[in-house]
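Student: What shape does this take:
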Amino acid sequence: HKIPLRIGNGSCSIEPASPSLVSREPSPELRIPTNQRQVEIQRRTQSHKSHKRQGGLRLAAVNGDVPVEGDVDNANPRQMQVGQENFPKRVKVKHDGVFHPKESSLGKFVAGVWEQIHSGVILEPHVLTEQVQLTSRSSGNSPSGDLVSTAPSIRPDQTWESFNRSNIFCQRVTQASRTCRSIEVIVQARWVELFDSYVEYLASTNPNLSMTKCRMRAIAEACTDFGWTEKELRNKMGIWRGYKEIKDVLGWVALVFSGMGLYRLCKYRVDFDKDKFSRARTLGKRMEVAADTLHTNWRQLLAIVGESTEPRFAGHPHDWVVQQDGSDPVPLRSTYLAYDSNFTFEHLEESIIDTALWGADDPRWTPPSSAICLSGINVCDLCSEVQSNESAVNACKCFPNLFGVPRLPIAVQVFCTSNGRNNGLQALVAFERGTAIGEFVGLITKDIEEQDVMDSQVGGTRYQIWQGKQGNFTRFANHSCKPNAQFEKFVWLGTQHIVMNNTADIPLLFRFNMINRKIPLASYLFTRLKQAGTRRIYGVPGDFTLRALDHVPRSGIQFVGCCNELNAGYAADGYARAQRHRLQSGLGALITTYGVGELSAANAVAGSYAEHLPVVHIVGTPSQKARQVSTTSVGGRSPHLHIHHTLADSRIGVFREIAEKFTVAQLDLSGVDAEDVPTKVDEVLAKALYHSRPVYVELPSDAVETVVSSTLLERPIEERHATNDESGHLETREMADSLLQRLYAAKRPLILVDRGDGIETIRPDINEFVQKSGIPTLSLPSGASMVNNSLPNYFGVYSGSIGIVDLTSAVKSADLVLAFGCQFSDTQTLGWGVVPERNSMIMIGRNNIEDHQTGTGEILRMVTANLDKRSLAEQDTSSWGNFRHLPSQTVEPASPINQDEFYIYLNKYLKDDDNILLGNATPIIGGRDFVLPPSSQLIASGMWFSIGHMLPAAMGVSQAKADQGSSGRTILLDGDGSFQMTAQELSTIIHKRVNMVVFIINNSGYTYERYIHGMDEEYNDVAPWNYSLGPNLFGQAPDGYPIQSCRVHTWKELDSVLNSEGFSTGKGLTLVDIVIDKYDISERAKALFELVNKQL
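Tutor: Numbers count the residues shown, from 1 in each chain. Model prediction:
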């Protein structure tokens, strides 16, 4: 039978794999080599001792006769000089000072592996092993033996006998498998591991010998077995060791599918350095995905070297999403489950027809010309050549890799983008401009709305190609502001096809040579923001920011110019809210000028700090030269030389000192060495992500173009350094166990959820815990969308006596309250009157539990996995009511609208994936009890309550949703006084074509404040505006951007709006001025205002 070569990790030894051949401790006689072998080894060892080592190169032969391999005079070894042009050349910086990347030898090798995997080659391991069947060397008339059956297996107790057998095995493979390169290189790579193991064995059993002498002895023994000179063996070992190092970095797959470049790469070792290998290491698992799915039996070859033959990745090549950091690929389906729990995707080679719509007809068919009808020959419309699926007949070469030939796998992979936000398509080999990447295939259908489809037309027949549930990799080619591919129509054999054709050269640059690439500091900063998920940065241009703004579009980010810095800060806050809720990651970004601009935005940034939103505030500051001039003049004779936007003194950093009070980290790039800039930038962004709070970055105007290294851009931002400290893991387990014991001991446990302390990043974990545990769950008003509203154990927003259901007694009587991210502000808790008992609460934040720093997400997942629901106390919640049963309504169509009824009425029109923002006015009271559809988000302040916040924030939310690919609506409910604070941002909304629905509760002033104090005082009135005419003030609507603006007084008028296309789709701008009585307010809100009045 066959004996596979089993190789362990680490030190190795040889033994037969068959149980009947298991080696035992050999007798002393067996440990002694034969006299002939011993004499030969001693001779070679003695020659090492007597050899006089000389430095420098040996001279080449002068007669020009170059000995060929096999005719080498071993007694007179010489080194042949090689012309310099035969060595791989290094890439140098050209005279323009710009680094011009060129593919490295390692990069070319990797490209060759990808090409081999996707070349259509048929790999048959059994055929290959049959080609290298060997005849036993022990007897001339012995029967033929299978290579695999002669392969020794390896274990740690390596002895000289087993090393001898491995030498003979490797030598026989090397001689016999010249046509089976894959087998040869994997055996040779394994032999190097065995050699190193044997050297360690000699060192451990002969402590009096140095490691060098042990190595020399092993070489002498191997030379005897191979029948080679020491020089020959050393030369081959150098190359074989290269194979082993390639295997360590890229895995066995790189050796099995290696091209001819492997030998040259390992011989000259040009790119064998630690940093390049570290980068290459990220490609190993990606290669395995392609090999396992395209060549399902390739691992059978690894039986020769004792490796597992079981594939790791099954299915279609694009059933797996690979990670750029080299971590484990994940199933494609798992990346969509957060958005669609029923997601499925069928991979197609050809489009399929929706027969329910088209029957047997193909709407892509084009009527043939009369000439074709007569001749029966199809001629290409583009090149006028004959088309045929028979390669011998076909003369059309328009897309030669797609039509007229058998299609090969396209060398692309679905990958997770660096910010983790979505999937994309990545080229694995170079594609020249004009190359067809693939055909856009899917379901041939029609009349699909609000879905991403490919529309096309043949004659008068329109059809659509939909890839929602079936298609191919072209689905994952993302839309881009810098596209390198486009779709074009092509008729093949009378049927129209959609081809994805690249419009620019796509070079294969693995960036192994990009280590020293330099880019401007501003580009580094903005690129990092993009990698963190930011696609827009808000702000107002200023003289100190102009140069920096030049780098924004170059980094793939869009600058959104706002009417003032305060609004820009609010917009960045809204952008961060939508990112954190939907993606559990992401940043908002804001750029302002020094002094006047940053102070204008301070209110918004402070609000983001209070409500745990990660916003990066970039401040363009005076140049370092100007600072020096100004600082030098102060203290001397007048006149002092001041910089504008300062306080007329030398305190350049005074505004940073102010920002320290409401940001978690500050970075002044004027005093940072260029080589330290990337690290410093990464650190400050990591703090924003980790703490979920704003950070402050000063960018001097003359530091924008400072050249910095781009190396770190290839690594994701780490929110905090990972640790392998076993005590940390032990502590996590202990905390999880402690929480479980507290839950099991509790008689009346309760879960209370809000969105403070950055807890949104673990929202899926919280929902899974809530669902599995069945523990009664409530939320505070600002966290109303943190928990799936459809869960049976979710009982709505906890608002005490002003809620639809008053659960104060249930909360107060709970003996254990798990409080996730709770912001117990006086406004949220009726003047702290509904806060649970402190001794029964466990305060849980994203990074802490009861002020103990820890990874809450990991602990919660551990608790959920180990939770035994049967050990939890059962609670009777039948008296808790049902917040989903809203009060019944009977409204007269002609009667005026009132706030008691309005929010209940509107609730019926909410949809999945809506984002609802409640302005800091009466809507924040009326809208807190919405019953939210799946995947929707309700945004309401829980701490800062800045009036005017929500209109610009809604713009940021809507743009974030657009960047996420969401078609859900953005709906703002704002008060008239609040709207007037930031109304000018309506112009930006129209200018940037932002999709939004705005309801303005027009009750002639600050009703919220009226009920607190000064019911009829003039200071609580606002100027009367005709809000419905607001859009007209800001210019004409852009083409294709619908604007609907109206004033409503009655329920009938409101109905016409709620049933309109603008409100139903959320496309364009719908602005509704709802006129309500000056003193109208919901009855439940009055109790809150009375409490607030008492506390003033």
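Student: what about Trp114, distance to Phe431?
Tutor: Using CB to CB, to the nearest Å, we find Trp114 at a distance of 12 Å from Phe431. From N, CA and C alone the C-beta is placed, and that goes for glycine too.
Student: whoops, I mixed them up, Glu874
Tutor: 62 Å.
Student: and Phe257, how many neighbours?
Tutor: 26 (other CB atoms under 10 Å).
Student: correction: Gly756
Tutor: By other CB under 10 Å, neighbour count at Gly756 equals 25.
Student: next one: Asn1002
Tutor: Neighbours around Asn1002, by other CB under 10 Å: 25.
Student: Just the pLDDT at it, thanks.
Tutor: Per-residue confidence (pLDDT) for Asn1002: 95.
Student: need the contact list for it.
Tutor: Asp976, Tyr1027, Arg1047, Asp1073, Ile1074, Val1075, Ile1076 (CB atoms under 8 Å, 6 or more residues apart in numbering).
Student: now, which of these lie within helices?
Tutor: Among the contacts of Asn1002, the residues falling in helices (DSSP state H) are Asp976.
Student: Tell me the buried residues within the contacts of Asn1002.
Tutor: Asp976, Tyr1027, Arg1047, Asp1073, Ile1074, Val1075, Ile1076 (16 or more other CB atoms under 10 Å).
Student: State whether Met950 and Ile924 are indeed in contact, as I suppose.
Tutor: No. Taking contacts as CB atoms under 8 Å, Met950 lies outside contact range of Ile924: 9.1 Å.
Student: So for the two, which sits in the more crowded spot?
Tutor: Met950 (32 against 26).
Student: And that one, its phi and psi?
Tutor: phi -80, psi -20 (degrees, to the nearest 10).
Student: Closest to Leu443 out of the buried ones among the contacts of Asn1002?
Tutor: Distance to Leu443 across these (CB to CB) is lowest for Ile1074, with 43.0 Å.
Student: Quick check: beta-bridge partners of the closest one?
Tutor: Ile1001, Val1048 (DSSP bridges).
Student: Pull the contacting residues for it.
Tutor: Neighbours of Ile1074 in contact, by CB under 8 Å, 6+ apart: Ile897, Phe902, Phe999, Ile1000, Ile1001, Asn1002, Val1048, Leu1054.
Student: Dump the residues you listed into a markdown table; add distance to His118 as well.
Tutor: Formatted as a markdown table, the contacts of Ile1074 follow (distance: CB to CB, whole Å):
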| residue | distance to His118 |
| --- | --- |
| Ile897 | 64 |
| Phe902 | 60 |
| Phe999 | 55 |
| Ile1000 | 58 |
| Ile1001 | 60 |
| Asn1002 | 63 |
| Val1048 | 61 |
| Leu1054 | 59 |
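Student: Got the domain ranges for this protein?
Tutor: Per automatic domain parsing, the structural domains of the chain span 335-502, 521-714, 726-878, 899-1095.
Student: of the contacts of Asn1002, closest to Pro520?
Tutor: Using CB to CB, these come closest to Pro520 at Tyr1027, 44.6 Å.
Student: For the closest one, which non-adjacent residue is closest in space?
Tutor: Using CB to CB, 6 or more residues apart in numbering and skipping the chain neighbours, the partner closest in space to Tyr1027 is Asp1073 (4.0 Å).
Student: roughly how far apart are the one you found and Asp1021?
Tutor: Counting by CB to CB, the gap from Asp1073 to Asp1021 is 17 Å.
Student: Contacts only, for Leu348.
Tutor: Val441, Gly442, Gln470, Gly471, Asn472.
Student: Which one of those is nearest to Ser119?
Tutor: For those, the nearest to Ser119 is Asn472 (19.2 Å; CB to CB).
Student: shouldn't the closest one be in contact with Glu349?
Tutor: Yes. Using CB under 8 Å, Asn472 makes contact with Glu349 at a distance of 7.4 Å.
Student: joint contacts of those two?
Tutor: Joint contacts of Asn472 and Glu349 (CB under 8 Å, 6+ apart) are Val441.
Student: Pick out whichever of those two has more residues nearby.
Tutor: Between Asn472 and Glu349, Asn472 has the larger neighbour count (other CB under 10 Å), namely 24 against 8.
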